[in-house]
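Undergrad: Below: sequence and its predicted model.
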Amino acid sequence: MALEPEKRNKNILIWSMIGGLGIIGVILVVILGKDISRSLNYNKVSQAEEPVATAENTPIAESVKDTSEDIEPNVDSHKSYTQEEMDQIIHSFVNPGVKRYAYSTLTDAEQMVYQEIADGLLSYKESMNLSDYSISADDLYKIYLCVLDDYPEIFWDDWFSYYTSGDTVGGIVLTYQFSQQQTADMIDSMLPVRDQILEETKDLTEYARIMYIFDYLTDHVTYDEDNTSSHRTGNSHNITDTHVANAHNIYGALIYHRAVCEGYAKAFQYLLNASGTECLLISGDVENGSHAWNYVYLDGNYYAVDITWCDPNHTKEEDDDNLPESYYTNNVRHNYCMVDTETISVDHTVDMPYDTPICNGGKYNYYRYNGYELTSFSPENVSNIIYKSNADQQVPMEIYCSDEDTYEQLLQNLDDHLWDWTASSQFLRPGRTYKKMHEVFKRDQRVLLLYPEYY
């Protein structure tokens, strides 16, 4: 996936005021941008169909993207709210009682500043005095990022400036992408979407809720190729184009149905948090630039999920060259769904201002939990997995190998035995004439994808 790296230029304007009998230095530093290798990615998203409820061990099968015309997002408020109504709407959008992981990594003093900033952003404050906390500019920068990482629901911020007195921060000035009226109106349109999902998942197990929300987003959201980071100007939050801004937030994903990786990841984080499951936003680097994905906490362990890379409509990979276009745009894969650190680290490098947890869970790996894992090679074992995948109406049919030796044996026997395996699995569909089988190899994840093609 070709994403442009996100770097913030160091443009710092400093004014010094000298007065009184001595020298009283009051330095106002406006952060127009700060160079960070850590990625608060402003990447892309788009649209799809109505979700289908799934049983715990029956994931949604073939996903078909909606090809209808895009609906332009409306950020011009068409309602008039009182101040009390705006405050109520914004605070009703916040997920209460959720563990804020980034907050937990801070010192006691930093946590107090974190809370001041979070409350200020939620209340649309213009500035706050922070002189009592004796924090440095670097500390303030880190704390602000922690707030954004923990609150995917805060999508209206437009970065900050601060002033100092001596060596510490005296106060912070907050800026916003949208007016409070606009934000209230945008939230008002998202609340029914959130509430419907929560209603439809309230009786599911926690794993089933996670997969429902995963399927909902891959069904409804399309990667937004038109609104990359290269379309932005100024610092990483000073986005002049509304479409680009929304591609990086939950509004773009839930209402406009177009987003980049950050929009996917924040929507996933927000909806899981709303349902009661801890979900972290993770930023870092992949081969072609900066990227965002998630860590999900389930049954005592963390699992990594890259929902953008599981939803293959955003790009055609080199190993997909033998596939018809509809195959790689319409069919969700799961090679980055509920995986461990070893798997995700093959091509994802975490770059965060604080330590992140290790993903060491194994039980809920998508392939293992749903019966698509090949633990030892035999024609019968392969045939059984293909049969189950076909019975679950999975497209593609996916086989995950637990180790390299098993994967190599699978590939070595593929040409000679694929027809026998698929025929014995009765993959032929009633009323459809089989044409050929397309094979896609995900060697880094030890996954084989099989796409049956019909006339």
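TA: Sure thing, it's come through.

Undergrad: which residues touch Tyr336?
TA: Contacts for Tyr336 (CB atoms under 8 Å, 6 or more residues apart in numbering) come out as Trp293, Ala304, Val305, Asp306, Ile307, Trp309, Cys310, Thr343, Ile344, Gln445. Bear in mind the C-beta positions are built from the backbone N, C-alpha and C, glycine included.

Undergrad: Okay, the second one and Lys435: tell me how far apart.
TA: Think Ala304. From Ala304 over to Lys435 the distance is 36 Å, taken as CB to CB, to the nearest Å.

Undergrad: now swap in the third one and tell me
TA: Distance from Val305 to Lys435, counting by CB to CB: 33 Å.

Undergrad: neighbour count winner among these two?
TA: Using other CB atoms under 10 Å as the criterion, Val305 and Lys435 rank with Val305 on top: 28 against 10.

Undergrad: ok, the more buried one touching His334?
TA: No. Look at Val305 against His334 with CB atoms under 8 Å: they stay out of range, at 9.6 Å.

Undergrad: Identify the residue nearest the geometric centre of this structure.
TA: Centroid-nearest residue in the chain: Ala265, 1.0 Å away (criterion: CA atoms, centre = their mean).

Undergrad: Now it. Its backbone dihedrals?
TA: Phi and psi for Ala265, reported as degrees, to the nearest 10, are phi -70, psi -40.

Undergrad: mind checking the SS state of the residue lying closest to it once chain neighbours are set aside?
TA: Beyond its immediate neighbours in the sequence, the residue positioned closest to Ala265 (CB to CB, 6 or more residues apart in numbering) is Ala292, lying 4.3 Å away. What DSSP: H, G, I helix; E, B strand; the rest coil gives for Ala292 is strand.

Undergrad: hey, what's Ala292 bridged with?
TA: Counting by DSSP bridges, Ala292 forms beta bridges with Ser283.

Undergrad: where does it sit relative to His248, distance-wise?
TA: Counting by CB to CB - Ala292 and His248 are separated by 9 Å.

Undergrad: Next, give phi and psi for Asn390.
TA: The phi/psi pair for Asn390 (degrees, to the nearest 10) reads phi -70, psi -40.

Undergrad: okay, and the helix or strand of this protein with the least pLDDT?
TA: In the chain, no helix or strand scores lower on mean pLDDT, DSSP states H and E than strand 12-17, which sits at a mean of 30.

Undergrad: More neighbours: which of Ala292 and His248?
TA: For Ala292 versus His248, the count of surrounding residues by other CB under 10 Å is larger for His248: 32 against 29.

Undergrad: Can you pull the domain assignment for this protein?
TA: With domains defined by automatic domain parsing, the chain comprises 12-37+75-176, 371-455.

Undergrad: For Met211, which three-state class applies?
TA: Classified using three-state DSSP, Met211 is helix.

Undergrad: Equivalent analysis for Leu281, please.
TA: Assigned state for Leu281: strand (three-state reduction, three-state DSSP).

Undergrad: these two touch, right, it and Val305?
TA: No. When contacts are counted by CB under 8 Å, Leu281 is not listed as touching Val305 (11.2 Å).

Undergrad: Lys435: what's its closest spatial neighbour, skipping adjacent residues?
TA: Lys435's closest residue in space is Glu453 (CB to CB, 6+ apart), at 4.6 Å.

Undergrad: Give the helix, strand or coil label for the one you found.
TA: Under three-state DSSP, Glu453 falls in the strand class.

Undergrad: Could I get the buried residue list for the strand or helix carrying Gln196?
TA: Element membership for Gln196 (DSSP states H and E) is helix 180-201. Neighbour-count burial for helix 180-201 flags 180-188, 190, 193-194, 197, 201 (criterion: 16 or more other CB atoms under 10 Å).

Undergrad: just the residues you listed now: which is nearest Gly97?
TA: Comparing those against Gly97 with CB to CB places Arg194 closest, at 15.5 Å.

Undergrad: dump the residue contacts of Asp340.
TA: By CB under 8 Å, 6+ apart, Asp340 lies in contact with Tyr303, Ala304, Cys359, Asn360, Gly361, Gly362, Asn365.

Undergrad: for Gly362, that is, sorry about that
TA: Contacts of Gly362 were listed using CB under 8 Å, 6+ apart, and they are Asn301, Asp340, Arg368.

Undergrad: Can you pull the phi and psi angles for it?
TA: phi -130, psi -30.

Undergrad: what's the neighbour count on Tyr163?
TA: With other CB under 10 Å as criterion, Tyr163 counts 19.

Undergrad: doesn't it fall inside a helix?
TA: No. Assessed with three-state DSSP, Tyr163 is strand; it does not lie in a helix.

Undergrad: Just to check, it is in contact with Gly170?
TA: Yes. Counting by CB under 8 Å, Tyr163 touches Gly170, with 5.0 Å between them.

Undergrad: Can you classify Thr437 by secondary structure?
TA: Heads up, residue 437 is Met, not Thr. Secondary structure, three-state DSSP: Met437 is strand.

Undergrad: Disregarding flanking residues, what is the spatial nearest neighbour of Met186?
TA: Per CB to CB, 6+ apart, closest to Met186 is Tyr251, 5.2 Å.

Undergrad: Which element, helix or strand, includes that neighbour?
TA: Going by DSSP H and E, Tyr251 is in helix 250-251.

Undergrad: Output the contacting helices and strands for that helix.
TA: Helix 250-251 is packed against helix 180-201, helix 261-275, with contacts defined by 3 or more CB pairs under 8 Å, 6 or more residues apart in numbering; DSSP states H and E.

Undergrad: Could you quantify the relative orientation of the shortest one and helix 180-201 as an angle?
TA: I take that to be helix 261-275. Orientation check (axes from the mean of the first three to the mean of the last three CA atoms, to 10 degrees): helix 261-275 against helix 180-201 gives 60 degrees.

Undergrad: could you give me the average pLDDT of helix 261-275?
TA: The pLDDT scores in helix 261-275 average 96.

Undergrad: now do the first one
TA: Predicted confidence along helix 180-201 averages 96 (mean pLDDT).

Undergrad: Who are the packing partners of that helix?
TA: So helix 180-201, by 3+ CB pairs under 8 Å, 6+ apart, packs with helix 83-92, helix 206-220, helix 250-251, helix 261-275.

Undergrad: is it possible to export the helices and strands packed on helix 250-251 to a markdown table including distance to Ile399?
TA: Formatted as a markdown table, the helices and strands packed on helix 250-251 follow (distance: least, CB to CB, whole Å):
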| stretch | distance to Ile399 |
| --- | --- |
| helix 180-201 | 29 |
| helix 261-275 | 25 |
